[in-house]
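1. how would this look folded up:
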Amino acid sequence: MRLIPAICLASALILPACSGQSDFPEEPLAEARQRQGANVTRELRQAGEAEVPPASVLQLVHYPSAVGDISGYLSPPPADGSRWPAIIWISGGDLSIGDVFWQSQPADNDQSASVFRDAGIATFYPSLRGLNGNPGQNEGFYGEVDDVIAATRWLRQQPGIDPDRIYLGGHSSGATLVLLAAEMADEWQGVFAFGPVTDPRLYGENVPVPIAEDDSQGALLRQPLAWLKDIRSPTFVIEGTGQGNIDELQTMAAASSNPHLHFVEAPDCDHFSVLQPVSRLVAQAISANQTASLAQSGALAHRCQ
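-> Predicted coordinates:
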């Protein structure tokens, strides 16, 4: 699993200035994707298979997708037969899965999402097509959206999972993918995107989008900024006000009039230090079945020290 440092970006590098949702397509993203597939121009695959995690922490599982069975890590089900709320977590970097999820992480850069497991929330870390030796190939935020939805539907059927309390979260490039998934489907009780960008091409070769430079429609289908109107699940876009992608959050906030979207600026946090404390607030709300309260002004605006 390859994690990358914060990528501080400016949407003006790729996207024109947008005054509001009227600048974007009126049709839903799901309909627009029916007219054009991934259209990748090069094959990118990751050969190494997912590591086997400690059985007491996570289980190596596989979920069905359009390209075949894909690996993932799932926390063990409750031993008492009860049903837990669950969160699907997509990490940043190259989007693959690995030992970062069970190794100890520093409080100011905890990309493990372990605070959810610690709160008694079932946690599923799905890998994606073309990663960790899985079937398919990297489609640069296209088919991977379908994988996230497929992972959600598989998780809903697993023992020990409350099918009505499934959430979705991600960080950095994972947050960008999470936003696209929320624009495609309404499968989650809540969505939490930490530090996404308006257009994944801004990542460059750190997280490749293997399409032709002149494929404007292919690029549009991968831009969360263009489809914010389609989000129907309560969705929180979160970033620290320090080093990170705060400009990207502000660009999305200025462009959105969707009441399901909430934009959270965490004072004095950066792209990484925002993760653990705000995730803990989210986990507490999920455990108490009170995530609706997170939409209140300032509920997630944790100030880092």
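
2. For the rest of this, base every contact and every neighbour count on C-alpha atoms.
-> OK.

3. In the chain, mark out all the helices, start to finish.
-> Along the chain, the segments classed as helices by DSSP state H run 29-33, 114-118, 143-156, 173-184, 216-220, 246-255, 275-287.

4. Same list (those helices) but as TSV, adding mean pLDDT, distance to R165 and mean neighbour count.
-> As requested, the helices of the chain are exported to TSV (pLDDT from 0 to 100; distance: least, CA to CA, whole Å; neighbours: other CA atoms under 10 Å):
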stretch	mean pLDDT	distance to R165	mean neighbour count
helix 29-33	98	24	16
helix 114-118	98	13	19
helix 143-156	99	9	20
helix 173-184	99	15	27
helix 216-220	97	31	17
helix 246-255	98	26	21
helix 275-287	98	8	20
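
5. can you redo those as CSV with distance to G92?
-> What follows is the helices of the chain, written out as CSV (distance: least, CA to CA, whole Å):
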stretch, distance to G92
helix 29-33, 23
helix 114-118, 15
helix 143-156, 14
helix 173-184, 5
helix 216-220, 20
helix 246-255, 16
helix 275-287, 12
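
6. Identify whichever of these lies nearest to Y73.
-> Nearest to Y73 among the helices of the chain is helix 143-156 (11.1 Å), distances taken as CA to CA.

7. what's that closest one packed up against?
-> strand 59-65, strand 122-126, strand 161-171, helix 173-184 (3 or more CA pairs under 8 Å, 6 or more residues apart in numbering; DSSP states H and E).

8. Dump it to CSV, keeping only the CA atoms.
-> Extracted in CSV, the C-alpha atoms of helix 143-156 (Å, rounded to 0.1, in the frame of the first residue of the first chain):
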residue,chain,number,x,y,z
GLY,A,143,-14.8,1.5,-12.6
GLU,A,144,-13.5,2.0,-9.1
VAL,A,145,-16.7,3.9,-8.4
ASP,A,146,-18.7,0.7,-9.3
ASP,A,147,-16.4,-1.3,-7.0
VAL,A,148,-17.2,0.9,-4.0
ILE,A,149,-20.9,0.4,-4.7
ALA,A,150,-20.5,-3.4,-5.1
ALA,A,151,-18.5,-3.5,-1.9
THR,A,152,-21.3,-1.8,-0.1
ARG,A,153,-24.0,-4.2,-1.4
TRP,A,154,-21.8,-7.2,-0.4
LEU,A,155,-21.2,-5.8,3.1
ARG,A,156,-24.9,-5.2,3.6
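
9. hmm, back to that, save the helices and strands packed on helix 143-156 as CSV, and put in distance to R232 too.
-> As requested, the helices and strands packed on helix 143-156 are exported to CSV (distance: least, CA to CA, whole Å):
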stretch, distance to R232
strand 59-65, 23
strand 122-126, 22
strand 161-171, 13
helix 173-184, 7
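
10. and of these, who's closest to L95?
-> Taking CA to CA, helix 173-184 is the member of the helices and strands packed on helix 143-156 nearest to L95, at 6.2 Å.

11. what helices or strands is that closest one leaning on?
-> helix 29-33, strand 84-90, helix 143-156, strand 161-171, strand 190-194.

12. Which one of the helices and strands packed on helix 143-156 lies nearest to P267?
-> strand 161-171 (17.7 Å).

13. same for the closest one, what does it pack against?
-> Counting by 3+ CA pairs under 8 Å, 6+ apart, strand 161-171 packs on strand 84-90, helix 143-156, helix 173-184, strand 190-194.

14. which of the residues in it are buried?
-> Of the residues in strand 161-171, I161, D162, P163, R165, I166, Y167, L168, G169, G170, H171 count as buried by neighbour count, 16 or more other CA atoms under 10 Å.

15. need those in CSV with pLDDT, can you?
-> Output for those, formatted as CSV (pLDDT from 0 to 100):
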residue, pLDDT
I161, 98
D162, 98
P163, 98
R165, 98
I166, 99
Y167, 99
L168, 99
G169, 99
G170, 99
H171, 99
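
16. Throw these into a markdown table and include distance to P277, thanks.
-> Below are the buried residues of strand 161-171 laid out as a markdown table (distance: CA to CA, whole Å):
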| residue | distance to P277 |
| --- | --- |
| I161 | 25 |
| D162 | 25 |
| P163 | 26 |
| R165 | 22 |
| I166 | 21 |
| Y167 | 18 |
| L168 | 17 |
| G169 | 14 |
| G170 | 15 |
| H171 | 14 |
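
17. quick one on the thing from earlier: what about the helices and strands packed on helix 143-156, which gets the closest to L29?
-> helix 173-184 (6.1 Å).
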